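> Make a model of this:
(chains A and B)
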Amino acid sequence: MATPIKMPLLGMTMEEGIISKWLVEEGDPVTKDQVIVEFETDKINAEIEAPADGVIGGIAARAGESVKVQGIVAYVLAEGEELPAAEPVAEPVSETAAPPPPVAPAPQPVAPPPVATPPAQPVQAVTQTAPATAQVVQPVGGRIKASPLARRLAAEFGVDIALLQGSGPGGRIVAKDVHASADGARVAAPAPVPVPAAAPAAAGAVPIAGMRKVIADRMMQSLSTMAQLTLVTEVDATRFVELRTDLASQHEDALGFRISFNDLLARIVTRALVEHPHMNASLSGDEIVNNEHVNIGLAVEVPDGLVVPNVKNAQNMQLVELAAAFRKLIGSVTGGNLDLNDLSGGTFTITNLGALGIDAFTPVINPPECAILGVGRIIAKPAVVDGEIAIRQMMTLSLTFDHRLNDGAPAARFLQRISQLIEQPYLLI
Amino acid sequence: MTTTTAVAAVSQEAPQERLIFFNQALREAIDEEMQRDPAVFVIGEEVGIWGGAYKVTEGLLEKYGESRIIDTPISEALIAGAAVGASITGLRPIAEFMYSDFMGIAMDQIVNQAAKNRYMFGGKATLPIVYRASTGAGIGNAAQHTQSLEAWFTHIPGLKVVAPSTPYDAKGLLKSAIRDNNVVVFLEHKALYASRGNVPEGDYVVPLGVSDVKREGTHATIVTYARQVTFALEAAEQLAQEGVEVEVIDLRTLYPMDISKAVASVQKTNRALVVHEAVQFGGFGGEIASQIQQQAFDYLDAPVERLGALHSPVPFSEPLEFGSFPSVDRIVDAVRDLIVGV
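Below you'll find the model as predicted:
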C-alpha cells in the first residue's frame, strides 16, 4: 500500500515547508526512519524520515519548492506498485513550481457531507486563484476532539491540533498523536541556505529561498498587518555598565562565562514586562491575550540570516539563571542543535545592534508579539548631571510597538520603566 | 526439641512475616485498644457469647466481661443511640452492626445525633464513636445483607468513613478510628474477613485520610478501596502478563479522602479507572472521578472511567450475584478499553 510522506507541522506558525534537498531519488529503496529529504520552515531546518520500508515514488516537490503542512511530498511504494491515482500527489505552492499536469476541471461545489469523513478528494489543478490547501479533516461541529493531555502537549510542542488525525476512541486526538507529529521530523541544525539547483539564476542573483524567504515573508507580514511605530529615548547607562562589570567578574568563576549586557537587559525588560503585561501581549483573532509567561527572545545573527531563540518563563528566573539560559540557547544556535521549542512561543524580543555602532533604529516586530526593543551602542558622552557637564555612558533604546494593541502613552511608560531600571539598576533588587 | 528448632528456623528466614486473618487483625486492634484505654467498650448484636457474626470479637467477653462487651437486643437504633449517649459521657464505644444494610434502622441516631451533636453543642460534647459494620456482596447473602452503602455516610458531614482492604490496614485504621474523637463509620467487607495478610504484633496505627499505592504502574491508574483493591491487584497482575502496568491506589479512608496519590498517579499514567463494588450510579466513585478530573485535567488522555455494580439489588443466585458487581475480568476489560491506542 502506498504510504504518503507528508510535510509535518513544526510549530504553531508553520504553514509550509520548503524542500531544500532530496537525499533519495525516484525509485530508490528506503527503509523506515531513513532520512529522505531536508526542508526548511519559517524557523528551522528539519528532515523527514521514511514512514515505511519501500521505494520512493511520486516526488511532488523539488528543491526550492514549498509544500503546505500535511501536503504530500512523495510516497513510499511497495515494489512494483503504482502511484495512487485518487489523491493529489503534489501541492507545491511556490510560484516557481512546475505547472501541474493538465487535469479535468474541478467539480462543482457540493453540499457539505453529513459526516466528518471527507469525500475522496479529486485531483485539483493548483492555480493562484484557487490555492491548494492542506489536507485537514475538519470536524463537522467545529469542535476538535482531543484529550486534555493532547491539547496541553500540543500547546507545549507548538503543534496545531487541528492538523492531527486522532487515533483514540471515536477519532479522539490523544497524546500519542501529538508525540508522533512532534517527532515526525527531527530538528536539524540551522545551516547555510542551500541554493535550489533548479533555480533560474541571473548573473550574481541568488533566488530568495530558505531562511531568507522566511525572514522576508515574516517581516512583510509583520509590517503589513501591524500598526508599528517606534519610540526612541536616550538613557544614562553608567550605573548599568558598572553593575554589569561587577556582576560579570563576581560570577565568572561560578558560571564559567561573563554575564553580558544583554543578560542584564533581558532581566530588566522581563521585570518591566511583568509590570506592563499589555506589552507582553499578542492578538489572537479578535482578542488581546496578555501572555502569562514572559518568554524573552534575543535576535541572534547566523550565517545568511537571523534566529530569535527565547527563554521560557523568564519571569521566574534570577539574573544568573537567565544568563545561563541564554548562554545555552546561543550555544545551541552556534552548535546547530537548536530545538524547535526554543524558537516558538516567544512573547517579546530584544535586538541589539550596539556592537555594530548603531544608536537608534526601527526594529520590526517579530509576530505574533506586539513589541520589540532595539538596543543601541553604549558610548561615553558629555551629559548634564546635577547641572554640570559630566562624561556618562549613554545608550539609546528604540521600542517598536503595535499601535493596534497599545497606545503611545502606555508604551512610553513601559520604555520609561526600562530606562529607569537601566539608570538605577539597584531597583531590580 | 525438633519443634522449637523448626519454629526458630522459620522465624530466622522471615522474621517480619506474621500472616493472620482480617477479622483477627480487627480483633487485635479492639483488644489492644481496650487494654490501652478503659473507656473503650464494644456494643452490638451477638458480639459477646457468640463472638460476633464474623468472629471479630471472639474471646473478648471472657477477657473483659459483660460491662465492656455488651450484647444487645435486635435493635440497631438502640446500638447506635446507646453509643451516642455513652460517648457524650466520655466513653469510647465500638458499636457493631452485623450488616451495614441494617444501619438504615439506625440512621436517625447516626445522621441526626452522632454526626451532629458535637456541632449542635458548640464542641462541648465529643462523640468518639466507631460504628463498625460488615458490608458487601460475594458470599450469597442476598439483597438485604450485601449492599455497599458507603455513599450514604460519606455524604453526611460529621462522619468519617473508612473502608480497609488488607489485614494490616484494618488493624492500623481501626486503632486510629477508636482513638479519633469524631464519629467513624468503619466498613468491613465481609468477603475480606477470611483473607490473610502480614500484620505486625503490637501497636501501630494507619492514619485516617491517607491513601496508599498498593501497586506501581505506568499505563493506567485504578483508584479503589475495600475488597475491590484485591480484585484490582489481581487484574493488574493479569495485565502485567500483557505488558500493561497498572498502578493501584487504595483510598483506605473515604472521608476525609486523600486524592493526592491518585492525582499524582494519573499525572504519570494519564488514565484513570475508578472501581467500587457499590452501585455505580450515584456511587462514591463519582466524587473520586470528579476530583481526579478537576485536579489532573491537563494530564488526562482519556475520560476518567468508572466501574461499579449494576443498578440492581444484589441477586441471590450466585452467577447473577457475581455478574452484578465488578470482577477481576471486568476490571481487566475496562483497563484494556481505557488504554486503547497506547
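> If the residue nearest to residue A:362 when sequence neighbours are not counted is in a bridge, with which residues?
In space, residue A:362 comes closest to residue A:230 once its chain neighbours are excluded; the distance is 4.3 Å by Cβ to Cβ, 6 or more residues apart in numbering or on different chains. C-beta: built from backbone N, CA, C; applies to glycine. On the basis of DSSP bridges, residue A:230 is bridged to residue A:400.
> Residue A:230 is in contact with residue A:396, isn't it?
No. Look at residue A:230 against residue A:396 with Cβ atoms under 8 Å: they stay out of range, at 11.3 Å.
> which of the two has more neighbours?
Neighbour totals were compared for residue A:230 and residue A:396, and residue A:396 leads with 20 against 16 (other Cβ atoms under 10 Å in any protein chain shown).
> Kindly confirm my reading that the more buried one forms part of a helix.
No. Secondary structure of residue A:396 (DSSP: H, G, I helix; E, B strand; the rest coil): strand, not part of a helix.
> I'd guessed it sits against residue A:376; true?
Yes. Residue A:396 lies in contact with residue A:376 (Cβ under 8 Å); the separation is 3.6 Å.
> quick one, what contacts residue 27?
Looking at chain A here, since you left the chain open. Residue A:27 sits next to A:55-57 when contact means Cβ atoms under 8 Å, 6 or more residues apart in numbering or on different chains.
> ah, I was thinking of chain B
Applying Cβ under 8 Å, 6+ apart, the residues near residue B:27 are B:55-60.
> That one: what secondary structure?
Under three-state DSSP, residue B:27 comes out as helix.
> Check the spacing between it and chain A real quick.
Per Cβ to the nearest Cβ, to the nearest Å, residue B:27 is found 46 Å from chain A.
> Can you turn the buried subset of the contacts of residue B:27 into a selection I can paste into PyMOL?
To isolate the buried members of those in PyMOL, using 16 or more other Cβ atoms under 10 Å in any protein chain shown:
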select buried, chain B and resi 55+56+57+58+60
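> downstream neighbour of the helix or strand of chain B with the lowest mean pLDDT in the secondary structure list?
Least confident helix or strand of chain B, by mean pLDDT, DSSP states H and E, is helix B:2-13 with a mean of 42. As assigned by DSSP states H and E, the chain's next helix or strand after helix B:2-13 is strand B:19-21.
> who does that following strand pair up with?
Counting by DSSP bridges, strand B:19-21 is paired with strand B:196-198 (antiparallel).
> who does residue A:66 bridge with?
residue A:18.
> my read: residue B:282 touches residue B:151, true?
Yes. Contact status for residue B:282 versus residue B:151: in contact at 6.7 Å, counting by Cβ under 8 Å.
> In terms of neighbours, single out the busier of these two.
Comparing residue B:282 with residue B:151 by other Cβ under 10 Å, the one with more neighbours is residue B:151, at 18 against 12.
> Which residues does the host helix or strand of the more buried one contact?
Here residue B:151 is covered by helix B:150-154, with elements defined by DSSP H and E. Helix B:150-154 is contacted by residues B:103, B:107, B:110, B:135, B:159, B:161, B:163, B:185, B:187, B:254-255, B:257, B:276, B:278, B:282-284, B:287 when judged by Cβ under 8 Å, 6+ apart.
> what about burial for those residues, which qualify?
B:103, B:110, B:135, B:159, B:161, B:163, B:185, B:187, B:254-255, B:257, B:276, B:278, B:283-284, B:287.
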